[in-house]
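Asks: Give me a model of this one.
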Amino acid sequence: MFYLIWDIGFTKLHIWEFNYDYLIGISFFRLPLEEYFFFLAIPYACLFIYACLRHYLPKFKNNATAKTLSILLGFSCLFIVYLNFEKLYTSVTFGLLAFTLFNFVLNKTEYLSHALLAWIVAIIPMFIVNGLLTGLPVLIYNDSQNLGIRIGTIPVEDFFYNLIYMLWMIGFYERRLRKLAKRAELKES
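Replies: Below is the predicted model:
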């Protein structure tokens, strides 16, 4: 839900816009219907990648490395925000990512290694799909609100937006799994 609100707000503020030449033309709160479907399909795909990695690589738990990388990335994000505070997409994305990473580190999240690995794996399909969306262009970015650095046709912020998105989804998913495990434990006792 938070990401839909973010999308609606950023569309209203002209951070990005949708090219209706490539869309069916139905929209709600300034977002095309396809964007709502995006927010159904992409979370499922990202969680699927994460769950597969947790299942098939259960011993991949280098939390010390994940913690160090997260701290370094978090401080790098804060530095980017400091240098580009006037660029809304850049400052919000990197600011939220810093907050999220520091929160995961401070809460000693045991699944951080798998979450970061899932993000790296998810970059491959993201690069293909987002490359199509920005290359056609279905989605048009206002470059005055981002760093203007693109990987292919994709603003660099999108890769880090995806990381925030995945960390939050995985966090909620793991919290739900813990609650279900506790309920099952209580039923057994």
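
Asks: Now the longest helix seen in the chain: buried residues?
Replies: In the chain, assigned by DSSP state H, the helix with the most residues is helix 156-188. The neighbour-count check on helix 156-188 (16 or more other CB atoms under 10 Å) flags 156-171, 173-174 as buried. Using the backbone N, CA and C atoms, a C-beta is placed for each residue, glycine as well.

Asks: okay, now the closest residue in space to residue 13 that isn't next to it in sequence: neighbour count?
Replies: Leaving aside its sequence neighbours, residue 13 sits nearest to residue 88 (CB to CB, 6 or more residues apart in numbering; 6.7 Å). By other CB atoms under 10 Å, 18 other residues sit near residue 88.

Asks: Look up how far residue 47 lies from residue 88.
Replies: Using CB to CB, to the nearest Å, residue 88 is found at 28 Å from residue 47.

Asks: Mind jotting down where the strands sit in the protein?
Replies: 16-18, 27-28, 31-32, 139-141, 150-151, 154-155 (DSSP state E).

Asks: what mean pLDDT does the fifth one have?
Replies: Strand 150-151 carries an average pLDDT of 96.

Asks: Just checking: what are the partner strands of it?
Replies: Using DSSP bridges, the strands paired with strand 150-151 are strand 154-155 (antiparallel).

Asks: same thing with the fourth one?
Replies: Note on strand 139-141: by DSSP bridges, its sheet partners are strand 16-18 (antiparallel).

Asks: what's the answer for the third one, then?
Replies: Using DSSP bridges, the strands paired with strand 31-32 in its sheet are strand 27-28 (antiparallel).
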